[in-house]
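Participant: Quick one, structure for this:
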Amino acid sequence: MLALSSMRPGANPRRYFDEKTHAEMVASLKLRGMLQPILLRPDPTEDGAYQIVAGGRRHRAALEAFGADGVVPVRILAMTDNEALEAAIDENDIRDDASETEQADAAVRILSACQGDRAEAARRLAWSPAKLDRRLALANLAEPVKIALDQRQIKVGHAELLAAVPGDKQAKALETITTAGLDVAKTRELLMRVTQSLAAATFDKTECLTCPFNSGSQRALFETHVDDGHCTNPGCYQLKAEAASVGKDLPVRGDQLAPASIPATAPAGRGQAAAPAPAAAKPAPSPAAPQPTVTAKTLAAKTMTIRDAAWRVALVKAVEGDPDIGRAFEATLRDTWKVDATFLGRFGKDELKFIARECGLIAHMGEKAFAKLLEAKIPDIIAGMLNAKGFRWDGRLPSAMTLDGNYGAPPTAAALAYKD
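Facilitator: Down below sits the predicted model:
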């Protein structure tokens, strides 16, 4: 038995609590007490406190029913961060289905813990690979859309359609849907009007085959999607189209212009036979327009997509055959790139914690100090990570930036001395 005041929120990925269900649980606790113990683990950041692993809804209802000094049955287990997260996800799935957005957030956390191994993430979650892919795709939803789905202001079909739209466009689209009361079918029609046909595209579509904004990719993930063969990212489509048009519309030289069409005969006067038209005067040749010079740069602009894809494939094959090549590229990357706000800004709190741990920042700051930093808003967390006193990010390659998916530690002092 343990006082509710000793319990802290844990890794439970719940985002939304139904108020009606909550009220029913409060009434049940007042009548019968808590029959099912709350699962806890010792809080790694606070002595004498415990983190909730499973039972967040019961804890929330018990606080209202009994107050912070109320005592309830608990079960305490020693668990790692990942074990606690997986247990919390399993508890939600089994006892009261988690919302789609909660599952999406959980999928991102588990995938990060598995260092991007989707098969292992699906195994840990006890999901099919297809379900994992669908939930990861829903993780692309903007926060207002996630909230709207949690509160059932929109349906899953709406969310699936919006997940295929660039993040900076989703909030505006959501406002249109909710203000106009559009159903899923009407929303689909609306999005169809702003997509671009890939069949009509004049640029190379190699990258489009695996792009998440290709409606073909969306069809493989979602039940609700726009028609096949459409791009739902008009900004990217336009950039590719403009790049493909470089050098396409070359000016025609003046002496190659066809003469204007002239009638075969001149108009006849009244009562006169038509006379042959006078020969058209040959137009004076205009100055020849300068032809653009063909260079390696102009050719590269037209083959950018193919070039980059080919180099990526060649690099991967070379690295597989000779690990020294991979190490050489990573050594070059250390000289030209460093963890910065743009990189860290792509991730959520759990992912930032993962990066901080594998790069040695948590060991440098200490568990308690970093846990305190993690309570702040994400921009403040990033600023704290980048400006941690006495810690240098130079030469550190998070696993997400390495070819083999393993953390790249900074070079040793001896290696740096040898390089100099």
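Participant: quick one: the strands in this structure?
Facilitator: Secondary structure of the chain, counting by DSSP state E: strands at 2-3, 7-8, 38-42, 50-54, 71-72, 74-76, 196-197, 230-231.
Participant: and the ones you listed as CSV, adding mean neighbour count?
Facilitator: C-betas here are computed from N, CA, C, even on glycine. Below are those laid out as CSV (neighbours: other C-beta atoms under 10 Å):
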stretch, mean neighbour count
strand 2-3, 16
strand 7-8, 18
strand 38-42, 21
strand 50-54, 23
strand 71-72, 18
strand 74-76, 16
strand 196-197, 15
strand 230-231, 22
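Participant: Tell me which of those strands lies nearest to residue 30.
Facilitator: strand 71-72 (12.6 Å; C-beta to C-beta).
Participant: Give me the helices and strands touching that closest one, please.
Facilitator: strand 2-3, helix 56-66 (3 or more C-beta pairs under 8 Å, 6 or more residues apart in numbering; DSSP states H and E).
Participant: Domains in the protein, by residue range?
Facilitator: The chain resolves into domains spanning 2-98, 195-247+296-317, 322-419 when parsed by automatic domain parsing.
Participant: In contact with residue 110, which residues are there?
Facilitator: 82, 85, 86, 89, 121, 124, 125 (C-beta atoms under 8 Å, 6 or more residues apart in numbering).
Participant: on that earlier part again, mean pLDDT lowest for which of the strands of the chain?
Facilitator: When those are ranked by mean pLDDT, strand 196-197 comes last with a mean of 68.
Participant: Mind listing what's buried along stretch 149-163?
Facilitator: Buried positions in stretch 149-163, judged by neighbour count with 16 or more other C-beta atoms under 10 Å: 149, 150, 154, 155, 156, 157, 158, 159, 160, 161, 162, 163.
Participant: okay, who's weakest in the contacts of residue 110 by pLDDT?
Facilitator: residue 89 (71).
Participant: Could you measure from the nearest residue to it once chain neighbours are set aside over to residue 63?
Facilitator: The shortest distance from residue 89 to any non-neighbouring residue, by C-beta to C-beta, 6 or more residues apart in numbering, is to residue 106 (4.6 Å). Distance, residue 106 to residue 63, by C-beta to C-beta, to the nearest Å: 24 Å.
Participant: Then residue 365?
Facilitator: Distance from residue 365 to residue 63, by C-beta to C-beta: 32 Å.
Participant: try residue 358
Facilitator: 36 Å.
Participant: Relative to residue 168, how far out is residue 383?
Facilitator: According to C-beta to C-beta, residue 383 stands 23 Å off from residue 168.
Participant: actually residue 231, not the one I wrote
Facilitator: Residue 231 is 16 Å from residue 168, by C-beta to C-beta.
Participant: Kindly report the same for residue 71.
Facilitator: Counting by C-beta to C-beta - residue 71 and residue 168 are separated by 49 Å.
Participant: Number of residues surrounding the spatially closest residue to residue 75 that is not a sequence neighbour?
Facilitator: The shortest distance from residue 75 to any non-neighbouring residue, by C-beta to C-beta, 6+ apart, is to residue 37 (4.7 Å). A count of neighbours around residue 37, defined by other C-beta atoms under 10 Å, yields 16.
Participant: And for residue 77?
Facilitator: Applying other C-beta under 10 Å, we find 12 other residues in the vicinity of residue 77.
Participant: Can you name the residues bridging to the closest residue to it other than its chain neighbours?
Facilitator: The spatial neighbour of residue 77 that comes closest, neighbours along the chain excluded (C-beta to C-beta, 6+ apart), is residue 41 at 5.7 Å. Residue 41 has the following beta-bridge partners by DSSP bridges: residue 51.
Participant: wait, doesn't residue 41 sit right on residue 81?
Facilitator: No: judged on C-beta atoms under 8 Å, residue 41 makes no contact with residue 81 at a distance of 9.5 Å.
Participant: Overlap of the contact sets of those two?
Facilitator: Contacts common to residue 41 and residue 81, judged by C-beta under 8 Å, 6+ apart, are absent.
Participant: What's the end-to-end length of stretch 27-47?
Facilitator: 33 Å (C-alpha to C-alpha, to the nearest Å).
Participant: Kindly apply the preceding question to stretch 29-38 instead.
Facilitator: Using C-alpha to C-alpha, the end-to-end distance of stretch 29-38 comes out at 13 Å.
Participant: Which positions in that stretch come out as buried?
Facilitator: For stretch 29-38, the buried set under the neighbour-count rule, 16+ other C-beta under 10 Å, comprises 29, 34, 37, 38.
Participant: quick one: the third one from residue 154, how far?
Facilitator: The gap separating residue 37 from residue 154 is 36 Å, by C-beta to C-beta.
Participant: As a check, name the ranges of all helices in the stretch 301-420 of the chain.
Facilitator: For the stretch 301-420 of the chain, the helices defined by DSSP state H, counting those that start in this stretch occupy 304-321, 323-336, 341-344, 349-358, 361-365, 367-373, 378-386, 413-419.
Participant: lowest-confidence stretch among the ones you listed?
Facilitator: Ranked by mean pLDDT, the helices of the stretch 301-420 of the chain end with helix 413-419 at the bottom, a mean of 45.
Participant: Give the residue spans of the stretch 51-200 of the chain that score low on pLDDT.
Facilitator: 91-98, 194, 196-200 (pLDDT under 70).
Participant: And the stretch 201-350 of the chain, by the same measure?
Facilitator: For the stretch 201-350 of the chain, applying pLDDT under 70 flags the ranges 202, 207, 209-210, 212, 214-229, 234-235, 242-331.
Participant: one more time with 50
Facilitator: Scanning the stretch 201-350 of the chain for pLDDT under 50 picks out the ranges 247-280.
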